[in-house]
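Novice: what's the 3D shape of this:
(one chain, ligands or ions: 1)
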Amino acid sequence: MTKPVIGIAGSVIIDSGGMFPGYRRSYVNEDYVDSVVQNGGIPYIIPVIEDDDVIKGQLEHVQGLILSGGHDVDPHLYGEELLPKIGETWPARDHFDMLLLKLAEEKGIPVLGVCRGAQIINVAHGGSLYQDISYRKELTYKHEQGNTPTLPTHGMKVKKGTKLAKVLGKTDFMVNSFHHQLIKKVAPDLIESAVAPDGVPEGVENKAGTVIGVQWHPEMLHRNPDTAFMNNLFKFVINNAK
Ligand SMILES: [Mn+2]
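Specialist: Below you'll find the predicted structure:
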């Protein structure tokens, strides 16, 4: 049986200490690549492109899609100006990710959004974000844990009856956390599937059950035996690929 091709939407890293300072390089973190291989898929990195026809062509070659982490989402997409504590934005990448998502949803191919990927799913569907943790008035726990990507640092409750609960087979566990932006308002046509102990929404999914977004990093947790069930998120994309 041929394994399904899973596209991992990429980013750009700028060479700082290498041979070509300032050079732009298309990339994804290898954890995403490993997660796809380990769970039976064929990973393809999809470089960020600004040409819609090329983006459409990119999506035609994959049977499942992963939206990876990175840049802050442009607040203009949810009706706000940039506040002082926002990080780096890249509107062209937002457009790229959102077009891939739209096309994937139209085709009904499975999508996993990780961190920024979950945030872009929420914003694409009409939800909003806090531009930085400090803008949330309620008590908010630490969501930028620093190093040790495999270490879970805060709790997570998955809502029973959601696609996420079915996929993970668990509803109460610990996750890692590397985000300074938070989901504020969950999009009206999405389901809030997971919530952190401080009430921050950390999981969203579409009603069709083809799109799952999580604000933590399952690709960093999948090799930790305590959180090996995070592999199920990649199996969701790979086993439903079409
Ligand atoms: Mn978190």
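Novice: Let me see the contact set for the residue nearest the centre of the chain.
Specialist: Closest to where the C-alpha atoms of the chain average out (Cα atoms, centre = their mean) is V114, at 1.9 Å. Remark: with contacts taken as Cβ atoms under 8 Å, 6 or more residues apart in numbering, V114 is in contact with 32, 66-69, 213-214, 216-219. The C-beta positions use only the backbone N, C-alpha and C, and glycine is treated the same way.
Novice: Against the ion, how distant is the nearest residue to V237 once chain neighbours are set aside?
Specialist: The spatial neighbour of V237 that comes closest, neighbours along the chain excluded (Cβ to Cβ, 6 or more residues apart in numbering), is G64 at 4.1 Å. Note on G64: its distance to the ion, by Cβ to the ion, to the nearest Å, is 25 Å.
Novice: What about G64, how many residues nearby?
Specialist: Counted by other Cβ atoms under 10 Å, the residues lying close to G64 total 26.
Novice: next one: phi and psi at the residue of the chain found nearest the ion?
Specialist: Proximity of the chain to the ion (Cβ to the ion) peaks at S177, 3.3 Å away. Main-chain torsions, S177, degrees, to the nearest 10: phi -160, psi 120.
Novice: who's in contact with it?
Specialist: For S177, counting by Cβ under 8 Å, 6+ apart, the contacting residues are 142-145, 153-154, 196, 215-216.
Novice: at 7 Å instead, please
Specialist: For S177, the residues meeting the contact criterion (Cβ atoms under 7 Å, 6 or more residues apart in numbering) are 143-145, 153-154, 216.
Novice: try G117
Specialist: Contacts for G117 (Cβ under 7 Å, 6+ apart) come out as 67-69, 213.
Novice: what does P110 give?
Specialist: 64, 210, 236-237, 240-241.
Novice: Tabulate those (TSV), appending secondary structure and pLDDT.
Specialist: Below are the contacts of P110 laid out as TSV (DSSP: H, G, I helix; E, B strand; the rest coil; pLDDT from 0 to 100):
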residue	secondary structure	pLDDT
G64	strand	98
T210	coil	98
F236	helix	98
V237	helix	98
N240	coil	98
A241	coil	98
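Novice: which one of these sits closest to L190?
Specialist: Each of the contacts of P110 was scored against L190 by Cβ to Cβ, and T210 proved nearest at 12.0 Å.
Novice: Please look at that closest one and V111 and confirm they touch.
Specialist: Yes - counting by Cβ atoms under 7 Å, a contact exists between T210 and V111, whose distance comes to 6.5 Å.
Novice: Buried residues of stretch 190-204, list them for me.
Specialist: Applying a neighbour-count criterion of 16 or more other Cβ atoms under 10 Å, one finds 190-196, 198, 200-204 buried in stretch 190-204.
Novice: helices or strands up against the longest helix along the chain?
Specialist: Of all the segments of type helix in the chain, defined by DSSP state H, the longest one is helix 91-107. When contacts are defined as 3 or more Cβ pairs under 7 Å, 6 or more residues apart in numbering; DSSP states H and E, helix 91-107 packs onto helix 52-60, strand 64-67, helix 116-124.
Novice: in what helix or strand does L233 lie?
Specialist: Taking DSSP states H and E as the definition, one finds L233 inside helix 231-239.
Novice: what does that helix rub up against?
Specialist: Outside helix 231-239, the residues that touch it by Cβ under 7 Å, 6+ apart are 4, 6, 35-36, 38-41, 64, 66, 110, 112, 167-169, 212, 214, 218, 222.
Novice: And for K163, the neighbour number?
Specialist: A count of neighbours around K163, defined by other Cβ under 10 Å, yields 20.
Novice: In this structure it contacts T210, no?
Specialist: No - when contacts are counted by Cβ under 7 Å, K163 is not listed as touching T210 (8.7 Å).
Novice: and this protein, which residues reach the ion?
Specialist: Taking Cβ under 5 Å from the ion, the part of the chain that reaches the ion is made up of 143, 177.
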